[in-house]
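> Kindly return the folded structure for what I paste below:
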Amino acid sequence: MRKLLIAITMILVSAVAFSAQTKVFKWDSELCQHEGTYDSKKYSEAELKNTQVLQSMIGSIPLFTDPTADEYKDIANLSMKDLAKEYAEQSAKLKNLKIVKSDYWKHVRQRKIAELDSYYKLSKITMQAYDNPSLLKDFSQGDICVDFYAEPLIVGGEYLYVTWLKVNMDSRSKNSSPARLKGIFDQQNSSPDRLKYARVEVMRFGWWNCAIQEIPLVEHDERAVEEFNKLFINVKEECDEL
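Next up is the predicted model:
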């Protein structure tokens with residue numbers, strides 16, 4: 001009987017100790033609310049929260065400061081100061097996040113930093129190129145983009161016009177209202193400022209749309225969800241019905 005009581009006592013003590021080192025972490029995804037039980041000796045709540053923040057960055061735009069202009073008059077409002085400020089803030093945020101110790105999440109952070117750096121470099125070059133289009137050649141990751149769009153922007157004149165027409169025709173082929181785009185093009189083409197319109201459209205829908213494809217973007221995948229869930233002893237979730 002004494003041995004039995006000792007055994008029961010040890011089991012109870014172990015259960016209490018285990019309970020004391022486990023905690024609950026809650027987070028939301030697009031359609032679900034999650035509740036995970038984790039070992040507090042392995043991770044802190046702050047580390048889990050920061051790792052979840054890093055996970056939420058996967059597949060997101062690195063910077064929201066738009067380096068392109070919708071209209072020619074908007075070029076004057078493009079702000080290198082705003083771009084640099086946002087980049088510095090995002091870079092510091094990524095580098096200073098105290099995440100869980102994990103090779104996977106360390107690699108994700110490194111990829112996001114590389115993505116951010118490349119995106120900033122492209123944004124900076126693009127913004128500066130409105131005044132000095134030859135700077136577009138400094139974007140070494142996009143030789144095809146340089147050949148197709150940078151050269152016409154640098155040379156200007158008829159070369160730029162022909163490229164503008166090609167870009168606009170491509171936009172029409174993908175738009176639900178191609179006649180509307182053609183009407184806008186015809187109106188702008190008849191203007192004495194037609195090359196200004198050409199510069200804006202080729203920069204935004206030609207150069208930028210091409211060059212952004214050369215950035216090593218960190219795309220969303222299911223592995224990030226799986227790796228985050230692995231940090232927990234168990235996970236419960238409640239999801240809204242579609």
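> For the rest of this, base every contact and every neighbour count on C-alpha atoms.
Will do.
> residue contacts, residue 176?
Contact criterion Cα atoms under 8 Å, 6 or more residues apart in numbering gives no residues in contact with residue 176.
> any idea whether it is helix, strand or coil?
When states are read from DSSP: H, G, I helix; E, B strand; the rest coil, the local structure at residue 176 comes out as coil.
> helices and strands around the longest helix along the chain, which ones?
In the chain, assigned by DSSP state H, the helix with the most residues is helix 103-129. Applying 3 or more Cα pairs under 8 Å, 6 or more residues apart in numbering; DSSP states H and E, one finds that helix 103-129 contacts helix 80-96.
> And the helix it packs on, how far out from the chain middle?
The chain centre lies 13 Å from the centre of helix 80-96; the measure is Cα atoms, centre = their mean, to the nearest Å.
> can you check stretch 53-70 too?
In terms of Cα atoms, centre = their mean, the gap separating the centre of stretch 53-70 from the centre of its chain is 4 Å.
> Show me the shaky parts of this protein.
Low-confidence segments of the chain, defined by pLDDT under 70, span residues 1-20, 142, 242.
> May I have the phi/psi pair for the spatially most central residue of the chain?
Ranked by distance to the mean C-alpha position of the chain (Cα atoms, centre = their mean), the top residue is residue 61 at 2.5 Å. Dihedral angles of residue 61 (phi, psi; degrees, to the nearest 10) stand at phi -70, psi 130.
> What of residue 35?
Torsion angles at residue 35 (phi, psi; degrees, to the nearest 10) stand at phi -140, psi 110.
> ok, now which ones touch the residue nearest to it when sequence neighbours are not counted?
In space, and not counting its chain neighbours, residue 35 is closest to residue 26: 4.5 Å by Cα to Cα, 6 or more residues apart in numbering. Taking Cα under 8 Å, 6+ apart as the definition of contact, the neighbours of residue 26 are 33, 34, 35, 36.
> Most neighbours among those, which one is it?
Most neighbours among the contacts of residue 26, by other Cα atoms under 10 Å: residue 36, with 18 neighbours.
> which residue sits closest to that one, ignoring its sequence neighbours?
Counting by Cα to Cα, 6+ apart, the nearest residue to residue 36 once its immediate chain neighbours are dropped is residue 235, at 4.3 Å.
> Next, the one you found: secondary structure please.
Residue 235 falls in the strand class when you classify it by three-state DSSP.
> picking up where we left off before, quick one: which of the contacts of residue 26 is nearest to residue 169?
Using Cα to Cα, residue 33 is the member of the contacts of residue 26 that sits closest to residue 169, with 45.2 Å.
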